[in-house]
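Undergrad: Okay, sequence plus prediction incoming.
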Amino acid sequence: MRPLLVHLNMLKIELIKLDHTQLVLFSTLCCERGFLAYKRSSLNIDRSGDEIIRLCLDKVWDWLEGACGVPVFNFENILPEEAFDSSSATAIDVVDALSCLSRLLGGSDKNESLYISELCLNIVDGLAYDNVDLPVNSTNDLAIDEHELIKKEISRQTRDFYEIKNDITGPVFIKRLKNRAVEDITLGYWFEDSQ
């Protein structure tokens, strides 16, 4: 079985053990990395929705850090379709992940967190496929799961999950995880314009 699927199966079993705040924290970390990967993978594309995405993520962080009440927003309604590249699977995954996060904040099913994890892995999976220039198929999926980008994101999600599960999610802890989430997920791959 693909390592990516083994990881998702583990999360399916384990995520239900987290409380609401822990789930939102885990999901927000995934969304941060997915958004960063999207931004880094599409440097030459006009993405006017980035400011809205950043604002929504910042509101969630403010709530997690205790600075405000639970943010209430329907992400699908505040991001106009023309504000992102709807022909890009990566852009759609970012928008879907943020939509799931807004539903999770509203008390939706805990499975939203698993779906966010999967969407963010899809973003990285697409980047890895682009990097090695292979056609997407089940044979190549196994090779892609061994790519450094995929291994790193699986490792980050696993580490985040266990740290959140085993720690009291106070402001200092949350700030540390937030700072770590904005590390360059792309590991410097193939971005000529990023220098």
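TA: Good, I have the coordinates.
Undergrad: where does Ile45 land on pLDDT?
TA: In the prediction, the pLDDT value recorded for Ile45 is 61.
Undergrad: First-to-last residue distance for stretch 142-154?
TA: End-to-end distance for stretch 142-154: 14 Å, by CA to CA, to the nearest Å.
Undergrad: can you give me how far it is from the chain middle?
TA: Using CA atoms, centre = their mean, to the nearest Å, the distance from the centre of stretch 142-154 to the centre of the chain it belongs to is 15 Å.
Undergrad: Could you do stretch 146-161 as well?
TA: That offset, for stretch 146-161, works out to 12 Å (CA atoms, centre = their mean).
Undergrad: In contact with Leu119, which residues are there?
TA: Contact partners of Leu119, counting by CB atoms under 8 Å, 6 or more residues apart in numbering, are 30, 34, 93-94, 96-97, 100. Where C-beta positions appear, they are placed from N, C-alpha and C, glycine not excepted.
Undergrad: Which helix or strand contains it?
TA: Secondary-structure element containing Leu119, defined by DSSP states H and E: helix 111-132.
Undergrad: That helix - what's its average pLDDT?
TA: On average, helix 111-132 scores 90.
Undergrad: following that helix, which helix or strand shows up next?
TA: helix 138-145.
Undergrad: quick check: angle from that following helix to helix 111-132?
TA: 90 degrees (axes from the mean of the first three to the mean of the last three CA atoms, to 10 degrees).
Undergrad: So what touches helix 138-145?
TA: 2-4, 125, 128-129, 132, 134, 150-151.
Undergrad: ok, so of these, who is nearest Glu51?
TA: The nearest member of those to Glu51, counting by CB to CB, is Asp125 at 26.6 Å.
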